[in-house]
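*Asks:* would you be able to build a 3D model of this:
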Amino acid sequence: MFFWILLFLMFISPQLQFRQLKAARLSLIKRMEKKYGFRVVTMIHRQERISFLGIPIYRFIDIEDSEEVIRAIRSTPPDVPIALILHTPGGLVLAATQIAEALKRHKGKKIVIVPHYAMSGGTLISLAADEIWMDPNAVLGPLDPQLMSGKGLSLPAPSIIKAVELKGVEKVSDETLILADVAQKALRQLQEIVYDLIKDKMDEEKARELAKVLTEGRWTHDYP
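*Replies:* Next up, the predicted model:
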């Protein structure tokens, strides 16, 4: 009997902790909205979001996030500023792009707040804002596309292209050539997405250059 009670507590305790944390966040959000007049939207990916037998399960930007955040943006009156709090390692490019484009289309002022980090897709979303508020120690990151290889490894698109260039087309497998082709497309697509998000903030030449710098693989994907 004691075993079953212990097992039940192991399962229910993380859920209760998450509910308490969620309630505390909601209370803070309400105070922020009242004080600053913003509509506060959050996308927070922390280990305590879900856990199994005490082992944290990491969360990333996914389609469920895009649905939830876009719904919040759409329900905000056009003249009300939005403050989007981001804490994320990144995630799906599609989901991050949907959120970024929805945020950019909002007619009111748009602020992204980064308390700790907003890497990869989080950085992409940040580019849609009019202002980015960051803690002195907070970081953003590069936007080079990541592709899944046949072996289940996540590989940077620029590195795939460079590897084929170094070895030569004749010395790589058909699978690698296909992966390199997809990598080139992913790189071009993401550069255009970044450019579209920032082109109204600077002249075209600078916007093109920044889009290239952020996506070309100049740094490792986790570089702040």
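
*Asks:* tell me the SS of V69?
*Replies:* Here V69 takes the helix state, with states given by DSSP: H, G, I helix; E, B strand; the rest coil.

*Asks:* how far away is it from I82?
*Replies:* Taking Cβ to Cβ, to the nearest Å as the measure, V69 falls 10 Å from I82. For the C-beta atoms, the positions are set from N, CA and C on the backbone; glycine is no exception.

*Asks:* so what sits against both of those two?
*Replies:* V41 (Cβ atoms under 8 Å, 6 or more residues apart in numbering).

*Asks:* which of these two has more neighbours?
*Replies:* More crowded of V69 and I82, by other Cβ atoms under 10 Å: V69, with 24 against 21.

*Asks:* surely the more buried one meets I44?
*Replies:* No - contact criterion Cβ atoms under 8 Å: V69 and I44 do not qualify, at 11.2 Å.

*Asks:* tell me the contacts of the nearest residue to L197 once chain neighbours are set aside?
*Replies:* Counting by Cβ to Cβ, 6 or more residues apart in numbering, L197 lies nearest to L127, which is 4.4 Å off, once chain neighbours are set aside. Residues near L127 by Cβ under 8 Å, 6+ apart: A100, V194, L197, I198.

*Asks:* measure L127 to D222 for me?
*Replies:* To D222, L127 is 19 Å away according to Cβ to Cβ.

*Asks:* quick one: list the elements packing against the helix or strand V41 falls within.
*Replies:* Here V41 is covered by strand 39-44, with elements defined by DSSP states H and E. The contact analysis (3 or more Cβ pairs under 8 Å, 6 or more residues apart in numbering; DSSP states H and E) places strand 39-44 against helix 2-36, helix 63-74, strand 82-87.

*Asks:* rounded mean pLDDT for it, please.
*Replies:* For strand 39-44, mean pLDDT is 94.

*Asks:* and the contacts of it?
*Replies:* By Cβ under 8 Å, 6+ apart, strand 39-44 touches 25, 29, 32-33, 61, 65, 69, 72-73, 76, 80-88, 99, 122, 125.

*Asks:* pull out the buried residues from it.
*Replies:* R39, V40, V41, T42, M43, I44 (16 or more other Cβ atoms under 10 Å).

*Asks:* what's the answer for stretch 193-212, then?
*Replies:* Neighbour-count burial for stretch 193-212 flags I193, V194, Y195, D196, L197, I198, A207, R208, L210, A211 (criterion: 16+ other Cβ under 10 Å).

*Asks:* dump it to CSV, restricted to CA.
*Replies:* The C-alpha coordinates for stretch 193-212 follow below in CSV (Å, rounded to 0.1, in the frame of the first residue of the first chain):
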residue,chain,number,x,y,z
ILE,A,193,12.6,35.2,-43.5
VAL,A,194,15.1,37.1,-41.4
TYR,A,195,15.3,39.8,-44.1
ASP,A,196,11.5,40.2,-44.1
LEU,A,197,11.5,40.6,-40.4
ILE,A,198,14.2,43.4,-40.2
LYS,A,199,13.9,45.2,-43.6
ASP,A,200,11.8,48.0,-42.1
LYS,A,201,14.4,48.7,-39.3
MET,A,202,17.4,49.4,-41.6
ASP,A,203,18.3,49.9,-45.2
GLU,A,204,18.2,46.9,-47.6
GLU,A,205,22.0,46.4,-47.8
LYS,A,206,22.4,46.2,-44.0
ALA,A,207,19.3,44.0,-43.7
ARG,A,208,20.6,41.5,-46.3
GLU,A,209,24.0,41.5,-44.6
LEU,A,210,22.6,40.9,-41.1
ALA,A,211,20.4,38.1,-42.4
LYS,A,212,23.5,36.5,-44.0
